[in-house]
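Chemist: Coordinates for the following, if possible.
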Amino acid sequence: MLSPYSLDRMFSDIECDQIIRLTQAREFSDAGLVRGRQNETIRVARITWLDEDGEGAWVFRRVMEVVRDVNRAHFGFALTEFAERAQVALYASEPGGHFDWHSDIGAGTFAQKRKLTLVSQLSEGDAYEGGRLEMNGNGQVETADATRGSAILFPSFTLHRVTPVTLGQRYSLTTWVHGPDFT
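Modeler: So this is what the prediction gives:
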């Protein structure tokens, strides 16, 4: 099993603030599951999307650079595109933000082609309680770094979750990279 790859500092504090500001001008909607299904026992979050052009273009460029370099050095996956926009998620203690164990590969048009998942921490780690990103790719639970600006990349088939936020709120940026089916 390929282990996740952690980056101490994908974005600076100022850049994290800029990304959050970009999203505050947008409408957040209730997060769903594949094909837009809703199930609050599995996921409670608010999400919005960043486009690859306009004000968010620099975010997309940074993600592309990081994915290119990490994939070459660590994963070696056949990657073909970023078919989905970057997602900014807000997990708040009210109404109990969380995302139970899941993988990012599914039956949806885009989900079936996901190869790598990148999650970057936009909030200060002490701005909330709970809300930890945990992965279970090999039978042992690992917790991602909650340092602001850090990021983690992992194969999209890896089981992972966001534990319930019990105080405050957590912002994160998620992108998926697509390619041919795993064989």
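
Chemist: Under the pLDDT cut-off, which ranges of this protein? List them.
Modeler: Of all residues in the chain, those with pLDDT under 70 make up the ranges 1, 32-39, 183.

Chemist: so what does the longest strand along the chain touch, helix or strand wise?
Modeler: As assigned by DSSP state E, the longest strand anywhere in the chain is strand 165-178. Counting contacts by 3 or more Cβ pairs under 8 Å, 6 or more residues apart in numbering; DSSP states H and E, strand 165-178 is packed against helix 13-24, helix 57-70, strand 86-92, strand 114-121, strand 128-130. Glycine gets a C-beta too; all of them are placed from N, C-alpha and C.

Chemist: Distance to G76 and mean neighbour count added to the ones you listed, as TSV?
Modeler: Formatted as TSV, the helices and strands packed on strand 165-178 follow (distance: least, Cβ to Cβ, whole Å; neighbours: other Cβ atoms under 10 Å):
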stretch	distance to G76	mean neighbour count
helix 13-24	28	15
helix 57-70	10	15
strand 86-92	23	22
strand 114-121	11	24
strand 128-130	35	17
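
Chemist: Out of these, which is closest to R46?
Modeler: Checking the helices and strands packed on strand 165-178 against R46 by Cβ to Cβ gives strand 86-92 as the closest, at 4.5 Å.

Chemist: from the middle of its chain, how far away would that closest one be?
Modeler: 8 Å (Cα atoms, centre = their mean, to the nearest Å).

Chemist: same thing with stretch 42-52?
Modeler: On the basis of Cα atoms, centre = their mean, stretch 42-52 is displaced by 9 Å from the centre of the chain it belongs to.

Chemist: distance between the ends of that stretch?
Modeler: Terminal residues of stretch 42-52 are spaced 29 Å apart (Cα to Cα, to the nearest Å).

Chemist: quick one: buried residues of it?
Modeler: Neighbour counts using 16 or more other Cβ atoms under 10 Å place 42-48, 50 of stretch 42-52 among the buried residues.

Chemist: ditto for stretch 96-104
Modeler: Within stretch 96-104, the residues scored as buried using 16+ other Cβ under 10 Å are 97-99, 102-104.

Chemist: Please identify which pair of these lies farthest apart.
Modeler: Using Cβ to Cβ, the buried residues of stretch 96-104 span at most 19.6 Å, a distance reached by G97 and S103.
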